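**Student:** with the input below, show me the fold.
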Amino acid sequence: MVLVKIDLWEIYEGLKYNFLYNGDINSIHILLNLYDLEADVKNICPKYICTNEIRKKIKRQLIYRKDRQLISNNIALLLHENVTRLELIIYLEGYKYGYFNNKWVNNLESEAIKYYSVEYLYDKNFLFHHDIYFKEIVDFKNNFCLEIDKREKNSNFLHDFIFSYCEKTIKGKVYNLNNYIDRQLKIECETNHLNIKEEGSLLSMKELKNIYKNVVNTITKSGIKLYKEASWYGINDKVLNRYK
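**Tutor:** Numbers count the residues shown, from 1 in each chain. Take a look at the predicted model:
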């Protein structure tokens, strides 16, 4: 039995790696199907918001440059696929953490039956996923998120995972950003001829380093928030699945 679990873990890790670093779409479909077979995990729907956050943060960071809009748009476009793949894997990891966390699932079920009948739970597709109207549940969710924060402080699991991914897939693209920016042409009409030149100067190494640091910080902050949201959904889904 232990050998089977180890083999299955290796399969999961291999599929995640292949999706993250090789962009293999088939790997993520196989992974989702395996999760579905193992634990009836179906409700996987992350909000892909990190790329837009990166665009806004970089535009604000380069407020002194006239071409800040062009640069921020190019970064968002350049990193979009890498970032969305990472968001999906983070969401999966968070969802699993909540779904298989029996302590918090049991506690949430105890809270749920204070407010809803068993018959009501049988017909529910959502529990406390989105709108929470009870103070006790708000406090419950806050305590759950605090536990994730404490766990992350001790392990640095998410920070290390995100940083390693950024170093391998995103750093090179950011540091070579000058090669990807489609600069606008400026035409100056003079007496005898037209003078055509590119607008904006190349990004300096200092600027590129600061941009990369900003990107990593934005992905990390957004990723941890996404992990918490997915974990919360996982707990709620597990409670409801007990009544299916």
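
**Student:** C-alpha from now on. contacts and neighbour counts both.
**Tutor:** Noted.

**Student:** any buried residues in stretch 57-72, and which?
**Tutor:** Neighbour-count burial for stretch 57-72 flags Lys57, Ile58, Lys59, Gln61, Leu62, Asp67, Arg68, Gln69, Ile71, Ser72 (criterion: 16 or more other Cα atoms under 10 Å).

**Student:** from Ala112, how far off is the second one?
**Tutor:** Right, the one you point to is Ile58. Taking Cα to Cα, to the nearest Å as the measure, Ile58 and Ala112 are separated by 43 Å.

**Student:** what's the answer for the third one, then?
**Tutor:** The gap separating Lys59 from Ala112 is 44 Å, by Cα to Cα.

**Student:** could you do the first one as well?
**Tutor:** The spacing between Lys57 and Ala112, counted by Cα to Cα, is 39 Å.

**Student:** what do you get for Ile162?
**Tutor:** Distance, Ile162 to Ala112, by Cα to Cα: 34 Å.

**Student:** before we move on, what about Asn33?
**Tutor:** Noted for Asn33: a distance of 29 Å to Ala112, by Cα to Cα.

**Student:** once you drop chain neighbours, what's closest to Tyr175?
**Tutor:** Distances taken as Cα to Cα, 6 or more residues apart in numbering put Leu208 closest to Tyr175, at 5.7 Å, once the chain neighbours are dropped.

**Student:** likewise for Asp24?
**Tutor:** Take Asp24 and drop its neighbours on the chain: the residue closest to it by Cα to Cα, 6+ apart is Asn18, 5.9 Å away.

**Student:** burial of that neighbour, as a residue count?
**Tutor:** For Asn18, the neighbour count with other Cα atoms under 10 Å is 16.

**Student:** is the residue nearest the centre of the chain within a helix or a strand, and which one?
**Tutor:** By Cα atoms, centre = their mean, the mean C-alpha position of the chain lies nearest to Glu87, the distance being 2.7 Å. For Glu87, the enclosing helix or strand under DSSP states H and E is helix 68-99.

**Student:** pLDDT of that helix, averaged?
**Tutor:** The average pLDDT within helix 68-99 is 95.

**Student:** now do stretch 207-221
**Tutor:** Computed over stretch 207-221, the average pLDDT equals 97.

**Student:** could you do stretch 46-60 as well?
**Tutor:** On average, stretch 46-60 scores 94.

**Student:** which parts of that stretch are buried?
**Tutor:** Neighbour-count burial for stretch 46-60 flags Pro46, Tyr48, Cys50, Thr51, Glu53, Ile54, Arg55, Lys57, Ile58, Lys59 (criterion: 16+ other Cα under 10 Å).

**Student:** tell me the SS of Ile181?
**Tutor:** With DSSP: H, G, I helix; E, B strand; the rest coil as the basis, the three-state label of Ile181 is coil.
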